[in-house]
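Enquirer: model this:
(2 chains)
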Amino acid sequence: MRIATWNVNSIRQRLDNMLAWLKERDPDIVCLQEIKCVNEAFPREAFEGLGYNVAVHGQKAFNGVALLSKLPFDEVAPGLIGDDGDVQARFLEALVSTKTGVLRVVSLYLPNGNPPDTEKYTYKLKWMDRLIAFSRERLKLEEPFVLAGDYNVIPTAADARNPAAWTKDALFLPPTRERFRALTNLGLTDAVRAVSDGRDLYTFWDYQAGAWAKDDGIRIDHLLLSPQAADRLADAGIDRHVREWDKPSDHVPVYVDLDIESR
DNA sequence: ATGGCCAATATGATTGGA
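Expert: Below you'll find the predicted structure:
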């Protein structure tokens, strides 16, 4: 079972790249972020033609998350608990059945939070508190559970080429990192870090300032695994070569392989 | 000198991203 996450920065601008990458990596489940369209505008036929079931939680112009799955969805639920007034499309949860039992997957797009001296940062921190509460509840189910997406969190200095450049940024400020640690301290495993100690494990390079050319990247897209998923962890990786393609997203896909029969 | 981009919008300037 291969599960991937990718912030595509507009699904409609990235369709060609997505189809090329799906053919190459052949994931069973894909968590997408920043689709930047309403549900009706999502090009679902392109993915259904490849055998994927499609679930979309879209919004006009910004944000928007989606799930592609070769296994049928048993349940799909948009939105993160804890604030009924939150209208931003950043969270989509689904349950699928495998030969050996259920698998729970979330595609999330955690708020950026910049600039930090504004309500944008308080929204980010509250959103993270809600995510911690949600995860605590789901972990009680003791299921294989993958919480994947664009976290907009640089967990440690080793996750940035130039950590000093990020010290005052919402992605790296201590309250942000504290909450990410609170999340992993619940018992969730950062899949990429579980299989590699290396630097250069970046998932985002800014379009500006020649960041890609200088490999001035950060690792902010993560797959967190429940104990029942982490016990089956076989591999994890980052498809950084996709950043080199024409019309790239500023993020690249990240994937995990679990020893779970997919079909 | 610490820069340079990209996407969506009742668009041609503004907002958001990170």
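Enquirer: for A:Arg263, give me the pLDDT.
Expert: pLDDT recorded at A:Arg263 is 69.
Enquirer: quick one: contacts for the closest residue to A:Asp200 other than its chain neighbours?
Expert: Spatially, and ignoring its direct neighbours in sequence, A:Asp200 is nearest to A:Asp215 (6.9 Å; C-beta to C-beta, 6 or more residues apart in numbering). The C-beta positions use only the backbone N, C-alpha and C, and glycine is treated the same way. By C-beta atoms under 8 Å, 6 or more residues apart in numbering, the residues touching A:Asp215 are A:Arg161, A:Asp200, A:Tyr202, A:Trp205.
Enquirer: so which of those residues belong to strands?
Expert: Of the contacts of A:Asp215, the ones assigned to strands by DSSP state E are A:Trp205.
Enquirer: what's near enough to touch the residue positioned nearest the centre of chain A?
Expert: The centroid of chain A falls nearest to A:Gly149 when counting by C-alpha atoms, centre = their mean (1.0 Å). Taking C-beta under 8 Å, 6+ apart, we find A:Gly149 in contact with A:Thr5, A:Asn7, A:Cys31, A:Gln33, A:Val65, A:Val106, A:Ser107, A:Leu108, A:Tyr109, A:Leu110, A:Asp221, A:His222.
Enquirer: apply 10 Å and report the result again.
Expert: Counting by C-beta atoms under 10 Å, 6 or more residues apart in numbering, A:Gly149 touches A:5-7, A:31-33, A:65, A:90-92, A:106-110, A:220-224, A:254.
Enquirer: of those, list those near DNA strand B.
Expert: A:Asn7, A:Ile220 (C-beta under 7 Å from any atom of the strand).
Enquirer: now do the strands in the stretch 101-250 of chain A.
Expert: A:101-109, A:145-150, A:189-190, A:204-205, A:217-218, A:221-225, A:233-238 (DSSP state E, counting those that start in this stretch).
Enquirer: looking at these, spot the one closest to A:Thr156.
Expert: strand A:189-190 (10.0 Å; C-beta to C-beta).
Enquirer: and the residue nearest to the centre of chain A, what's its pLDDT?
Expert: 98.
Enquirer: now do it against DNA strand B, distance only.
Expert: For A:Gly149, the distance to DNA strand B equals 10 Å [C-beta to the nearest atom of the strand, to the nearest Å].
Enquirer: returning to what we had before: mind putting the contacts of A:Asp215 in a markdown table, neighbour count and distance to A:Glu244 included?
Expert: Shown next, in a markdown table, are these (neighbours: other C-beta atoms under 10 Å; distance: C-beta to C-beta, whole Å):
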| residue | neighbour count | distance to A:Glu244 |
| --- | --- | --- |
| A:Arg161 | 17 | 17 |
| A:Asp200 | 12 | 15 |
| A:Tyr202 | 24 | 13 |
| A:Trp205 | 23 | 10 |
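Enquirer: ok, A:Leu224 - contacts?
Expert: So A:Leu224 contacts A:106, A:108, A:131, A:135, A:145-149, A:151, A:180, A:183-184, A:186-191, A:230, A:256 (C-beta under 10 Å, 6+ apart).
Enquirer: just to revisit the earlier point, in a markdown table, list the contacts of A:Asp215 along with distance to A:Gln13.
Expert: As requested, the contacts of A:Asp215 are exported to a markdown table (distance: C-beta to C-beta, whole Å):
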| residue | distance to A:Gln13 |
| --- | --- |
| A:Arg161 | 26 |
| A:Asp200 | 27 |
| A:Tyr202 | 21 |
| A:Trp205 | 17 |
